[in-house]
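# turn this into a model:
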Amino acid sequence: MMASTAQASKIPSRVALFLAFLKIGLLGFGGVAAWVRRIVVEERHWLGDREFSELLGIANVLPGANTVNMAILLGDRYRGLTGALAALTGLLAMPLTILLGVASLYDHFATMPALNNALSGAAAATAGLIIGTATKILRSIWPDAHVLPIASVVFLAIGYFRFPFAPTIACLVPISLAATVLLSRRKA
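You can find the predicted model right below:
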């Protein structure tokens, strides 16, 4: 898939994809999606808010980690298979290196109460990153406010009622698409 005409002047090299996702992998402790948006949209200007939201939507419904899916989709969009591999390698290189070091340290210090308290604080910070990213994404889809009730139903079904993800999405995506088509026909 090639980049849109508006973004054609901002097509990143494989090295740029690798370095951007290396930075994301290094900075994104627990909340990588927030860093993907910040670097891809705000810092590098490779995508606009709407394009990012659309790509994130695709990445979320695909199997696997959404950030890994984003790296592959974005790398493929701009540089094909080698771009996808560059972005994926960049994304995973630092976390894997750090994880191996932290795992050996955690094994040694896991019984310390101070460590457990620190991990609880990190979990709260991660929740804040997720809420902040969701707020930014909601602003970008606000012109299409008709999708908000469907997004709310998805949130309640999966987050509150604990319905399985795949069947919930399989039921609600066609409804969302139908609503979008109907509203676009009314506007035309």
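
# where do the strands sit along this structure?
When secondary structure is read from DSSP state E, the chain shows no strands.

# the longest helix in it is where?
helix 66-109 (DSSP state H).

# check the offset of that one from the chain's centre.
The chain centroid and the centroid of helix 66-109 are separated by 13 Å under Cα atoms, centre = their mean, to the nearest Å.

# for that helix, what is the average pLDDT?
Helix 66-109 shows an average pLDDT of 93 in the prediction.

# buried ones in the one helix or strand in the chain whose mean pLDDT sits lowest?
Across the helices and strands of the chain, the lowest-confidence element by mean pLDDT, DSSP states H and E is helix 113-141, at a mean of 83. For helix 113-141, burial by neighbour count (16 or more other Cβ atoms under 10 Å) applies to 129, 133, 136-137, 140-141. Where you see a C-beta, it was placed from the backbone N, CA and C, and this is true even at glycine.

# tell me how far it lies from the chain's centre.
14 Å.

# can you give me the angle that helix makes with helix 66-109?
170 degrees (axes from the mean of the first three to the mean of the last three Cα atoms, to 10 degrees).

# who are the packing partners of helix 113-141?
With contacts taken as 3 or more Cβ pairs under 8 Å, 6 or more residues apart in numbering; DSSP states H and E, helix 113-141 sits against helix 32-37, helix 49-61.

# got the angle for it vs helix 49-61?
Relative orientation of helix 113-141 versus helix 49-61 (the same axes, to 10 degrees): 130 degrees.

# what's the closest of the buried residues of helix 113-141 to Arg50?
Lowest distance from Arg50 to these (Cβ to Cβ) belongs to Ser140, with 5.6 Å.

# so the closest one sits right up against Ser53, yeah?
Yes. Assessed by Cβ atoms under 8 Å, Ser140 is found in contact with Ser53 at 5.0 Å.

# least reliable of the helices and strands packed on helix 113-141 by average pLDDT, please.
Note on the helices and strands packed on helix 113-141: helix 32-37 shows the lowest mean pLDDT, a mean of 86.

# and the helices and strands packed on helix 113-141 as JSON lines, adding distance to Phe21 and mean neighbour count?
Converted to JSON lines, the helices and strands packed on helix 113-141 look like this (distance: least, Cβ to Cβ, whole Å; neighbours: other Cβ atoms under 10 Å):
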{"stretch": "helix 32-37", "distance to Phe21": "8", "mean neighbour count": "23"}
{"stretch": "helix 49-61", "distance to Phe21": "13", "mean neighbour count": "17"}
